[in-house]
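Engineer: Generate a structure from the sequence data that follows.
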Amino acid sequence: MSNISLRFPYLIYLSIASILIGVIAAPLFRDLPVQGGAADMMAHEMEHGMLEIPALGAPQVDIAVEKDAMNGWNVTVMTNNFTFTPERVGSENVDNTGHAHLYVDGIKIARLYSLHFHLPRLPVGDHEVSVSLSSNDHSYYMIDGNVISARATITEDETEMDTE
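Structural biologist: Next up is the predicted model:
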C-alpha cells in the first residue's frame, strides 16, 4: 500500500507536465495548412488526371458567393448539363456526371456533391473562391486544355464580427 502512495504524486506531476507541454506546443501546429497553395492544387489536379471533352455538350459551371447573415459565406454552384452523382464516386466515368472541388485561394477546401456549401469566416482581405468539375474517377473535366471551373472574388471585412 505504501508503494502506491509514494508513486501517486509522481503520476500527478507527470500528468500536469504533459498538459503543460500540450498547451505550449499546440499553437505551433494551429496554423499549418491542410494543403499548400496553387502549386499543390496543380499537383493535385495532375494526380487525379484530366478528361478532355468536346466543347459541344460539355458541362458548365458557375458560382455565386454571398455573405451569410450569421457567419461566413454561402456558396451556390450552378451547373448546366452536369449531374452530381455521389453514389458513383470512384467508379467508371459516365458523361457529364461526377462531383466538384471547392478551392479558396488555391487551397482545396472540400469535395462537393450538391449545389450548396457554407464557408466559415475567412481572414480579412480578398479571396478567390473557385469550383471545378470532376468525373466519377476524379479526373478533371477539360475543354481545350482548360479545367471546367468558375471563380468569384470575395472580400472579408474586418469590421464584421461573428454572431454565433
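Engineer: lowest average confidence, helix or strand, in the chain?
Structural biologist: Lowest by mean pLDDT, DSSP states H and E among the helices and strands of the chain is helix 38-48, with a mean of 53.
Engineer: buried ones in the following helix or strand past that one?
Structural biologist: The helix or strand immediately downstream of helix 38-48 is strand 50-52, counting by DSSP states H and E. By neighbour count on 16 or more other C-beta atoms under 10 Å, the buried set for strand 50-52 is residue 51. From N, CA and C alone the C-beta is placed, and that goes for glycine too.
Engineer: ditto for stretch 109-123
Structural biologist: By 16+ other C-beta under 10 Å, the buried positions in stretch 109-123 come out as 109, 112, 117, 119, 122.
Engineer: Specify the beta-bridge partners of the fourth one.
Structural biologist: By that I understand residue 119. Beta bridges link residue 119 to residue 73 when assigned by DSSP bridges.
Engineer: how does this protein divide up, domain by domain?
Structural biologist: 1-32, 38-156 (automatic domain parsing).
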